[in-house]
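how would this look folded up:
(one chain, ligands or ions: 1)
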Amino acid sequence: MPALPRQLPLLPTPRQAHVPSSAVRAAAAASRVPFGERLAAAMNKHGQLCVGIDPHPALLSSWGLNDDVTGLRSFSLTVVEALAGHVAALKPQVALYERHGSRGLAVLEETLALCAQGHVLSIADAKRGDIGSTMAAYADAWLGEGSPLAADAVTLSPYLGYESLRPALDLAAATGRGVFVLGLTSNPEGASVQHVGGSASVAKGVIQSVGAENAGALPFGSTGLVIGATVGSALEKLGINLAASHAPILAPGLGAQGATGADMKASFGAFWPQVLGTSSRDILKAGPTAAALCDAAAATRDSLL
Ligand SMILES: O=C(O)c1cc(=O)[nH]c(=O)n1[C@@H]1O[C@H](COP(=O)(O)O)[C@@H](O)[C@H]1O
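Numbers count the residues shown, from 1 in each chain. Down below sits the predicted model:
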(Lines give C-alpha, C1' and ligand atoms only; values in the text may rest on other atoms or scores of the structure.)
Protein backbone atom coordinates (compact mmCIF):
# COMPACT_ATOMS: atom_id res chain seq x y z
CA MET A 1 0.00 0.00 0.00
CA PRO A 2 1.50 3.41 -0.90
CA ALA A 3 2.48 5.47 2.15
CA LEU A 4 0.18 8.34 2.98
CA PRO A 5 1.77 11.76 2.48
CA ARG A 6 2.94 13.01 5.90
CA GLN A 7 1.68 16.50 5.28
CA LEU A 8 -1.35 17.63 3.33
CA PRO A 9 -0.44 20.06 0.54
CA LEU A 10 -1.03 23.62 1.63
CA LEU A 11 -4.20 25.15 0.27
CA PRO A 12 -3.69 28.33 -1.70
CA THR A 13 -4.28 31.44 0.41
CA PRO A 14 -7.82 32.67 -0.31
CA ARG A 15 -8.20 36.06 -1.91
CA GLN A 16 -9.06 38.54 0.83
CA ALA A 17 -12.47 40.08 0.22
CA HIS A 18 -12.58 43.80 0.86
CA VAL A 19 -14.98 44.19 3.78
CA PRO A 20 -16.08 47.78 4.32
CA SER A 21 -16.19 49.11 7.90
CA SER A 22 -19.48 48.89 9.77
CA ALA A 23 -19.94 52.67 9.55
CA VAL A 24 -19.51 52.59 5.76
CA ARG A 25 -21.92 49.65 5.53
CA ALA A 26 -24.57 51.37 7.66
CA ALA A 27 -24.31 54.58 5.60
CA ALA A 28 -24.66 52.66 2.31
CA ALA A 29 -27.69 50.77 3.62
CA ALA A 30 -29.39 53.90 4.95
CA SER A 31 -28.96 55.76 1.66
CA ARG A 32 -30.46 53.02 -0.53
CA VAL A 33 -33.99 53.64 -1.83
CA PRO A 34 -36.20 50.71 -0.69
CA PHE A 35 -36.33 47.80 -3.15
CA GLY A 36 -40.10 48.08 -3.74
CA GLU A 37 -39.73 51.69 -4.89
CA ARG A 38 -36.76 50.86 -7.10
CA LEU A 39 -38.66 47.95 -8.67
CA ALA A 40 -41.78 50.07 -9.30
CA ALA A 41 -39.59 52.67 -11.07
CA ALA A 42 -37.84 49.99 -13.15
CA MET A 43 -41.18 48.44 -14.18
CA ASN A 44 -42.52 51.86 -15.18
CA LYS A 45 -39.44 52.50 -17.30
CA HIS A 46 -38.73 49.07 -18.80
CA GLY A 47 -41.99 47.08 -18.53
CA GLN A 48 -43.09 44.05 -16.54
CA LEU A 49 -40.36 41.58 -17.51
CA CYS A 50 -37.52 40.01 -15.54
CA VAL A 51 -35.16 37.73 -17.47
CA GLY A 52 -33.81 34.70 -15.63
CA ILE A 53 -30.13 33.84 -16.09
CA ASP A 54 -30.23 30.03 -16.04
CA PRO A 55 -27.00 28.74 -17.64
CA HIS A 56 -28.18 25.16 -18.26
CA PRO A 57 -25.64 22.82 -19.91
CA ALA A 58 -27.86 22.55 -23.01
CA LEU A 59 -27.97 26.34 -23.38
CA LEU A 60 -24.19 26.67 -22.94
CA SER A 61 -23.79 24.08 -25.67
CA SER A 62 -26.26 25.81 -28.02
CA TRP A 63 -24.26 29.03 -27.54
CA GLY A 64 -21.09 27.13 -28.54
CA LEU A 65 -19.73 27.25 -24.97
CA ASN A 66 -18.32 24.50 -22.80
CA ASP A 67 -20.12 23.40 -19.66
CA ASP A 68 -17.34 24.82 -17.46
CA VAL A 69 -16.54 27.99 -15.53
CA THR A 70 -15.25 29.80 -18.65
CA GLY A 71 -18.49 29.03 -20.49
CA LEU A 72 -20.56 30.00 -17.45
CA ARG A 73 -18.77 33.37 -17.19
CA SER A 74 -19.07 34.18 -20.87
CA PHE A 75 -22.79 33.27 -20.87
CA SER A 76 -23.64 35.25 -17.73
CA LEU A 77 -21.74 38.41 -18.61
CA THR A 78 -23.15 38.39 -22.16
CA VAL A 79 -26.73 38.27 -20.81
CA VAL A 80 -26.15 41.15 -18.38
CA GLU A 81 -24.36 43.29 -20.96
CA ALA A 82 -27.09 42.62 -23.56
CA LEU A 83 -30.11 43.22 -21.32
CA ALA A 84 -29.13 45.85 -18.73
CA GLY A 85 -31.17 48.95 -19.58
CA HIS A 86 -33.77 46.90 -21.49
CA VAL A 87 -35.63 44.93 -18.78
CA ALA A 88 -36.75 45.68 -15.23
CA ALA A 89 -34.63 42.97 -13.55
CA LEU A 90 -32.34 39.99 -14.08
CA LYS A 91 -32.63 36.81 -11.98
CA PRO A 92 -29.60 34.51 -11.85
CA GLN A 93 -30.51 30.96 -10.82
CA VAL A 94 -28.03 30.15 -8.03
CA ALA A 95 -28.17 26.35 -8.53
CA LEU A 96 -26.66 26.68 -11.98
CA TYR A 97 -23.62 28.46 -10.49
CA GLU A 98 -23.36 26.11 -7.48
CA ARG A 99 -22.97 23.11 -9.78
CA HIS A 100 -19.59 24.58 -10.80
CA GLY A 101 -18.40 24.81 -7.17
CA SER A 102 -16.59 27.76 -5.63
CA ARG A 103 -15.43 29.07 -9.01
CA GLY A 104 -19.05 29.05 -10.17
CA LEU A 105 -20.02 31.14 -7.16
CA ALA A 106 -17.20 33.57 -8.02
CA VAL A 107 -18.81 33.97 -11.45
CA LEU A 108 -22.13 34.64 -9.72
CA GLU A 109 -20.46 37.36 -7.62
CA GLU A 110 -19.09 38.91 -10.81
CA THR A 111 -22.52 38.66 -12.49
CA LEU A 112 -24.24 40.42 -9.58
CA ALA A 113 -21.56 43.13 -9.56
CA LEU A 114 -22.07 43.70 -13.30
CA CYS A 115 -25.84 44.04 -12.73
CA ALA A 116 -25.16 46.76 -10.15
CA GLN A 117 -22.72 48.47 -12.52
CA GLY A 118 -25.29 48.31 -15.35
CA HIS A 119 -28.06 49.68 -13.09
CA VAL A 120 -30.30 46.67 -13.59
CA LEU A 121 -31.98 45.15 -10.52
CA SER A 122 -30.72 41.69 -9.57
CA ILE A 123 -32.83 38.97 -7.94
CA ALA A 124 -30.77 36.03 -6.68
CA ASP A 125 -32.93 32.95 -7.13
CA ALA A 126 -31.63 31.00 -4.14
CA LYS A 127 -34.95 29.91 -2.54
CA ARG A 128 -33.43 29.95 0.92
CA GLY A 129 -35.34 28.89 4.03
CA ASP A 130 -34.08 27.40 7.32
CA ILE A 131 -34.34 27.65 11.10
CA GLY A 132 -33.85 31.23 12.29
CA SER A 133 -30.22 30.92 13.43
CA THR A 134 -29.14 29.51 10.06
CA MET A 135 -31.47 31.87 8.23
CA ALA A 136 -29.48 34.77 9.70
CA ALA A 137 -26.39 33.49 7.86
CA TYR A 138 -28.31 33.14 4.59
CA ALA A 139 -29.57 36.69 5.11
CA ASP A 140 -25.99 37.97 5.60
CA ALA A 141 -24.90 36.22 2.39
CA TRP A 142 -27.67 37.43 0.08
CA LEU A 143 -28.78 40.72 1.65
CA GLY A 144 -25.91 41.89 3.88
CA GLU A 145 -24.09 45.13 3.18
CA GLY A 146 -20.63 44.36 1.81
CA SER A 147 -21.39 40.68 1.10
CA PRO A 148 -19.95 39.67 -2.29
CA LEU A 149 -23.15 37.73 -3.03
CA ALA A 150 -25.60 40.47 -2.02
CA ALA A 151 -28.29 41.06 -4.65
CA ASP A 152 -31.10 43.62 -4.78
CA ALA A 153 -33.47 40.83 -3.74
CA VAL A 154 -33.47 37.10 -3.02
CA THR A 155 -36.12 34.38 -3.29
CA LEU A 156 -37.11 32.66 0.00
CA SER A 157 -39.05 29.53 0.89
CA PRO A 158 -41.46 29.97 3.85
CA TYR A 159 -42.23 26.29 4.24
CA LEU A 160 -40.24 25.97 7.50
CA GLY A 161 -42.78 28.46 8.86
CA TYR A 162 -43.12 32.07 7.74
CA GLU A 163 -41.50 33.52 10.90
CA SER A 164 -38.34 31.45 10.32
CA LEU A 165 -37.65 33.99 7.55
CA ARG A 166 -37.55 36.89 10.05
CA PRO A 167 -33.75 37.47 9.94
CA ALA A 168 -33.92 37.91 6.15
CA LEU A 169 -37.04 40.09 6.30
CA ASP A 170 -35.38 42.34 8.88
CA LEU A 171 -32.04 42.57 7.10
CA ALA A 172 -33.75 43.34 3.77
CA ALA A 173 -35.64 46.19 5.45
CA ALA A 174 -32.44 47.50 7.06
CA THR A 175 -30.43 47.46 3.82
CA GLY A 176 -33.11 48.67 1.38
CA ARG A 177 -33.15 45.26 -0.31
CA GLY A 178 -36.07 42.96 -1.06
CA VAL A 179 -37.26 39.37 -0.87
CA PHE A 180 -39.70 37.25 -2.87
CA VAL A 181 -41.45 34.67 -0.71
CA LEU A 182 -42.78 31.54 -2.44
CA GLY A 183 -46.59 31.61 -2.39
CA LEU A 184 -48.00 29.50 -5.21
CA THR A 185 -45.16 28.06 -7.26
CA SER A 186 -45.29 27.31 -10.96
CA ASN A 187 -44.64 23.56 -10.71
CA PRO A 188 -47.60 21.15 -10.60
CA GLU A 189 -46.29 19.44 -7.39
CA GLY A 190 -46.58 22.71 -5.43
CA ALA A 191 -50.34 22.35 -5.03
CA SER A 192 -49.94 19.28 -2.77
CA VAL A 193 -48.52 21.59 -0.06
CA GLN A 194 -49.61 25.10 -0.97
CA HIS A 195 -53.31 24.42 -1.67
CA VAL A 196 -53.85 22.43 1.54
CA GLY A 197 -56.70 23.95 3.57
CA GLY A 198 -58.81 25.14 0.60
CA SER A 199 -60.29 28.55 1.41
CA ALA A 200 -57.84 28.79 4.38
CA SER A 201 -54.93 27.40 2.38
CA VAL A 202 -51.27 27.27 3.43
CA ALA A 203 -50.45 29.67 0.57
CA LYS A 204 -53.15 32.11 1.69
CA GLY A 205 -51.56 32.23 5.15
CA VAL A 206 -48.17 33.04 3.60
CA ILE A 207 -49.71 35.75 1.41
CA GLN A 208 -51.44 37.34 4.42
CA SER A 209 -48.15 37.35 6.35
CA VAL A 210 -46.46 39.10 3.42
CA GLY A 211 -49.29 41.68 3.42
CA ALA A 212 -48.59 42.47 7.08
CA GLU A 213 -44.94 43.12 6.16
CA ASN A 214 -45.84 45.64 3.46
CA ALA A 215 -48.33 47.57 5.62
CA GLY A 216 -50.30 49.18 2.79
CA ALA A 217 -47.25 50.37 0.78
CA LEU A 218 -48.14 51.73 -2.68
CA PRO A 219 -47.80 50.62 -5.37
CA PHE A 220 -46.11 47.86 -3.36
CA GLY A 221 -43.56 47.23 -0.62
CA SER A 222 -40.24 45.38 -0.64
CA THR A 223 -41.56 41.98 0.49
CA GLY A 224 -42.62 40.28 -2.70
CA LEU A 225 -44.38 37.03 -3.51
CA VAL A 226 -43.70 34.32 -6.06
CA ILE A 227 -46.91 33.31 -7.79
CA GLY A 228 -46.38 31.10 -10.84
CA ALA A 229 -47.54 32.31 -14.24
CA THR A 230 -49.01 28.82 -14.63
CA VAL A 231 -51.39 28.92 -11.63
CA GLY A 232 -54.47 29.35 -13.85
CA SER A 233 -57.63 29.71 -11.77
CA ALA A 234 -55.98 28.80 -8.43
CA LEU A 235 -56.08 32.37 -7.07
CA GLU A 236 -59.81 32.53 -7.62
CA LYS A 237 -60.46 28.99 -6.33
CA LEU A 238 -58.46 29.62 -3.16
CA GLY A 239 -60.08 33.05 -2.65
CA ILE A 240 -56.72 34.88 -2.66
CA ASN A 241 -56.71 38.68 -2.85
CA LEU A 242 -53.24 39.74 -3.97
CA ALA A 243 -54.11 43.46 -3.81
CA ALA A 244 -54.24 43.19 -0.01
CA SER A 245 -50.66 41.85 0.05
CA HIS A 246 -49.26 45.13 -1.36
CA ALA A 247 -46.53 42.87 -2.74
CA PRO A 248 -44.68 42.86 -6.03
CA ILE A 249 -45.44 39.51 -7.66
CA LEU A 250 -42.64 37.58 -9.35
CA ALA A 251 -44.36 35.27 -11.85
CA PRO A 252 -42.16 32.51 -13.35
CA GLY A 253 -43.47 29.95 -15.81
CA LEU A 254 -43.72 32.20 -18.84
CA GLY A 255 -42.43 30.58 -22.04
CA ALA A 256 -40.63 27.29 -21.37
CA GLN A 257 -43.20 26.15 -18.77
CA GLY A 258 -46.08 26.95 -21.11
CA ALA A 259 -47.69 30.16 -19.81
CA THR A 260 -48.31 33.06 -22.19
CA GLY A 261 -48.89 36.76 -21.52
CA ALA A 262 -52.60 36.26 -22.23
CA ASP A 263 -52.79 33.35 -19.72
CA MET A 264 -51.10 35.48 -17.09
CA LYS A 265 -53.41 38.44 -17.58
CA ALA A 266 -56.41 36.09 -17.27
CA SER A 267 -55.04 34.51 -14.05
CA PHE A 268 -53.98 37.74 -12.34
CA GLY A 269 -56.89 39.93 -13.52
CA ALA A 270 -57.07 43.13 -11.46
CA PHE A 271 -53.73 42.35 -9.76
CA TRP A 272 -51.85 42.66 -13.07
CA PRO A 273 -50.07 45.99 -12.29
CA GLN A 274 -48.23 44.23 -9.41
CA VAL A 275 -46.90 41.45 -11.65
CA LEU A 276 -43.32 41.06 -12.88
CA GLY A 277 -43.33 38.15 -15.35
CA THR A 278 -40.10 36.17 -15.54
CA SER A 279 -38.77 33.93 -18.28
CA SER A 280 -35.40 32.23 -18.63
CA ARG A 281 -34.87 29.43 -21.20
CA ASP A 282 -37.33 30.79 -23.74
CA ILE A 283 -35.34 34.04 -24.02
CA LEU A 284 -31.84 32.67 -23.41
CA LYS A 285 -32.16 30.18 -26.26
CA ALA A 286 -32.06 33.17 -28.67
CA GLY A 287 -28.40 33.87 -27.75
CA PRO A 288 -25.47 34.21 -28.03
CA THR A 289 -25.70 37.55 -29.85
CA ALA A 290 -26.77 40.57 -27.83
CA ALA A 291 -29.12 41.71 -30.61
CA ALA A 292 -30.99 38.38 -30.67
CA LEU A 293 -31.27 38.33 -26.86
CA CYS A 294 -32.64 41.88 -26.89
CA ASP A 295 -35.17 41.04 -29.60
CA ALA A 296 -36.38 37.95 -27.73
CA ALA A 297 -36.70 39.89 -24.47
CA ALA A 298 -38.55 42.73 -26.24
CA ALA A 299 -41.03 40.28 -27.82
CA THR A 300 -41.77 38.70 -24.42
CA ARG A 301 -41.97 42.08 -22.69
CA ASP A 302 -44.43 43.31 -25.34
CA SER A 303 -46.59 40.21 -24.83
CA LEU A 304 -47.09 41.45 -21.27
CA LEU A 305 -48.38 44.91 -22.27
O1 LIG B 1 -38.46 31.48 -7.70
C2 LIG B 1 -38.47 31.26 -8.93
O3 LIG B 1 -37.94 32.04 -9.70
C4 LIG B 1 -39.25 30.14 -9.42
C5 LIG B 1 -40.39 29.84 -8.72
C6 LIG B 1 -41.37 28.99 -9.29
O7 LIG B 1 -42.46 28.80 -8.76
N8 LIG B 1 -41.09 28.43 -10.50
C9 LIG B 1 -39.92 28.66 -11.18
O10 LIG B 1 -39.78 28.16 -12.30
N11 LIG B 1 -38.95 29.45 -10.61
C12 LIG B 1 -37.64 29.62 -11.26
O13 LIG B 1 -37.80 30.38 -12.46
C14 LIG B 1 -36.96 29.87 -13.49
C15 LIG B 1 -37.84 29.42 -14.64
O16 LIG B 1 -37.07 29.12 -15.76
P17 LIG B 1 -37.73 28.89 -17.21
O18 LIG B 1 -38.75 27.81 -17.02
O19 LIG B 1 -36.58 28.47 -18.05
O20 LIG B 1 -38.35 30.20 -17.64
C21 LIG B 1 -36.12 28.74 -12.89
O22 LIG B 1 -34.89 29.27 -12.46
C23 LIG B 1 -36.95 28.30 -11.69
O24 LIG B 1 -36.16 27.80 -10.65
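
contacts, neighbours, all on C-alpha from now
OK.

Could you tell me how far residue 145 is located from the ligand?
Using Cα to the nearest ligand atom, to the nearest Å, one gets 23 Å for the distance from residue 145 to the ligand.

you'd agree that residue is up against residue 29?
Yes. In terms of Cα atoms under 8 Å, residue 145 counts as a neighbour of residue 29; the distance is 6.7 Å.

neighbour-wise, which of the two wins?
Ranked by neighbour count (other Cα atoms under 10 Å), residue 145 and residue 29 place residue 145 first, with 26 against 21.

give me phi/psi at the residue nearest to that one when sequence neighbours are not counted?
Once flanking residues are discounted, residue 145 sits nearest to residue 25: 5.5 Å by Cα to Cα, 6 or more residues apart in numbering. Backbone geometry at residue 25, expressed as degrees, to the nearest 10, gives phi -60, psi -40.

same deal with residue 147?
Backbone dihedrals for residue 147, given as degrees, to the nearest 10, come out at phi -70, psi 130.

Can you tell me the closest non-neighbouring residue to it?
In space, residue 147 comes closest to residue 141 once its chain neighbours are excluded; the distance is 5.8 Å by Cα to Cα, 6+ apart.

Correct me if wrong, but the one you found is in a helix.
Yes. Secondary structure of residue 141 (DSSP: H, G, I helix; E, B strand; the rest coil): part of a helix.

Quick one: distance of the helix or strand hosting residue 266 to the chain centre.
Here residue 266 is covered by helix 261-268, with elements defined by DSSP states H and E. A distance of 21 Å separates the C-alpha centroid of helix 261-268 from that of its chain, computed with Cα atoms, centre = their mean, to the nearest Å.

got it, and stretch 66-74?
Its chain's C-alpha centre and that of stretch 66-74 lie 21 Å apart, by Cα atoms, centre = their mean.

can you check stretch 274-283 too?
The offset between the C-alpha centroid of stretch 274-283 and the centroid of the whole chain comes to 11 Å, using Cα atoms, centre = their mean.

hmm, back to that, what is in contact with residue 145 and residue 29 at once?
residue 175 (Cα atoms under 8 Å, 6 or more residues apart in numbering).

hmm, back to that, mean confidence for the helix holding residue 266?
Here the mean pLDDT over helix 261-268 is 96, rounded to a whole number.

close to the ligand, is that helix?
No. No part of helix 261-268 sits close enough to the ligand to count as contact by Cα under 6 Å from any ligand atom; the gap is at least 13.0 Å.

ok, residue 162 - contacts?
When contacts are counted by Cα under 8 Å, 6+ apart, residue 162 is found next to 206, 209.
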